[in-house]
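Undergrad: heads up, no residue letters with this:
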């Protein structure tokens, strides 16, 4: 097993079920699935990977299991990436499944965890409505290219924080699209390693105000916690390297605007194209390279132009 396969195996093992960004993330009203829970974190035990939660709402199966709808406390086991998220974000929404832990015996595991703060949810929803309108206005034959300005969009990063196009202001940013389950070594894994190398070179050569952003192509699987595990697996310097996810609708709009084509075939890896871009401090695309075989040294030479711009 090579390094790429080992990382993919670890990521897939950590996220025990495929899940989609829950509707409550992006709409004012929604219903919980039968095994979903919405809660507020009361306490986090990093030593046992357990969280104590006040239940705010739960699905029908959990209501039968627990004998209530809300207003009581429950302990949950949590996966490493999600533990980081719940240590930072108090209100969340997640799926549950029965499990067994040495700390508490039979219990429940949280998976597919998303932040669920109402004000943040409304903010993300409103920004991505603008993205939807912008995508529709472009038509079917237009994609953004060098000289164009980024559309408005909002993501959740690997720490569950809202990330909008404000992220690009005052800096030069390298932007690409990947997904954590990609097992083709010369595609997403190679691109992530080149981003990491470029980050190191930029620091060594003291290029100022440089940031990095990788947006997932697989939002049904790549929750903030999964992205956190991916960042740790690749030992990324997260100080200026963000990974973003959102609803499938928002990711579809971004793919459409940036000319990223992806195709889901059952029981096969996600088939997709790749594109890496440099965005200047005015949110304009100043350079782009299709595919994954770009050079970190080539991009390094172009970064000062983005800072000056």
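TA: Received, thanks. Bear in mind that the values here come from a model prediction, so they are computed numbers and not experimental data. Numbers count the residues shown, from 1 in each chain.
Undergrad: can you list the weak-confidence ranges in the stretch 151-300 of the chain?
TA: Along the stretch 151-300 of the chain, the model assigns pLDDT under 70 to residues 262-272.
Undergrad: quick one, strands of it?
TA: Ranges of strands within the stretch 151-300 of the chain are 154-157, 162-164, 172-178, 210-216, 241-245, 262-263, 271-272, 275-279, 285-290, based on DSSP state E, counting those that start in this stretch.
Undergrad: tell me the domain ranges of the protein?
TA: 29-115, 119-308 (automatic domain parsing).
Undergrad: turn these into a markdown table, columns for mean neighbour count.
TA: In short, each C-beta sits where N, CA and C put it, glycine included. A markdown table is the format used below for these (neighbours: other Cβ atoms under 10 Å):
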| stretch | mean neighbour count |
| --- | --- |
| domain 29-115 | 18 |
| domain 119-308 | 18 |
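Undergrad: residues in contact with the nearest residue to residue 302 once chain neighbours are set aside?
TA: Counting by Cβ to Cβ, 6 or more residues apart in numbering, residue 302 lies nearest to residue 287, which is 5.1 Å off, once chain neighbours are set aside. Neighbouring residues of residue 287 by Cβ atoms under 8 Å, 6 or more residues apart in numbering: 146, 277, 278, 299, 302, 305, 306.
Undergrad: residue 134: which of those residues is nearest?
TA: When the contacts of residue 287 are compared for distance to residue 134 (Cβ to Cβ), residue 277 wins out at 17.2 Å.
Undergrad: quick revisit: can you redo the strands of the stretch 151-300 of the chain as TSV with distance to residue 255?
TA: Formatted as TSV, these follow (distance: least, Cβ to Cβ, whole Å):
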stretch	distance to residue 255
strand 154-157	13
strand 162-164	17
strand 172-178	7
strand 210-216	9
strand 241-245	13
strand 262-263	6
strand 271-272	8
strand 275-279	10
strand 285-290	14
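Undergrad: skip the chain neighbours and tell me the closest residue to residue 144.
TA: Residue 144 sits nearest to residue 257 (Cβ to Cβ, 6+ apart), 5.3 Å away.
Undergrad: so the spatially most distant residue from the centre of the chain versus residue 53, what's the distance?
TA: Distance from the C-alpha centroid of the chain peaks at residue 67, with 34.1 Å (Cα atoms, centre = their mean). For residue 67, the distance to residue 53 equals 16 Å [Cβ to Cβ, to the nearest Å].
Undergrad: what does residue 108 give?
TA: Separation of residue 108 from residue 53 (Cβ to Cβ) stands at 10 Å.
Undergrad: so what sits against both of those two?
TA: Counting by Cβ under 8 Å, 6+ apart, the residues touching both residue 108 and residue 53 are 74, 76.
Undergrad: about what we covered before: most widely separated two among the contacts of residue 287?
TA: Within the contacts of residue 287, two members stand farthest from each other by Cβ to Cβ: 146 and 299, at 14.0 Å.
Undergrad: the protein: helices as residue ranges?
TA: Along the chain, counting by DSSP state H, helices occupy 3-14, 60-66, 80-88, 118-138, 188-204, 224-233, 248-258, 296-308.
Undergrad: how much space between the nearest residue to residue 61 once chain neighbours are set aside and residue 186?
TA: Distances taken as Cβ to Cβ, 6+ apart put residue 34 closest to residue 61, at 4.2 Å, once the chain neighbours are dropped. Counting by Cβ to Cβ, the gap from residue 34 to residue 186 is 41 Å.
Undergrad: one more: residue 133?
TA: 36 Å.
Undergrad: again with residue 222
TA: For residue 222, the distance to residue 186 - Cβ to Cβ - is 20 Å.
Undergrad: circling back: can you pull the contacts of the residue nearest to residue 144?
TA: Counting by Cβ under 8 Å, 6+ apart, residue 257 touches 134, 135, 138, 143, 144, 151.
Undergrad: ok, so what distance separates residue 247 from residue 37?
TA: 20 Å.
Undergrad: quick one: residues contacting the nearest residue to residue 108 once chain neighbours are set aside.
TA: For residue 108, ignoring the flanking residues on the chain, the nearest one in space by Cβ to Cβ, 6+ apart is residue 96 at 4.7 Å. For residue 96, the contact set (Cβ under 8 Å, 6+ apart) comprises 35, 36, 37, 62, 76, 108, 109, 110, 111.
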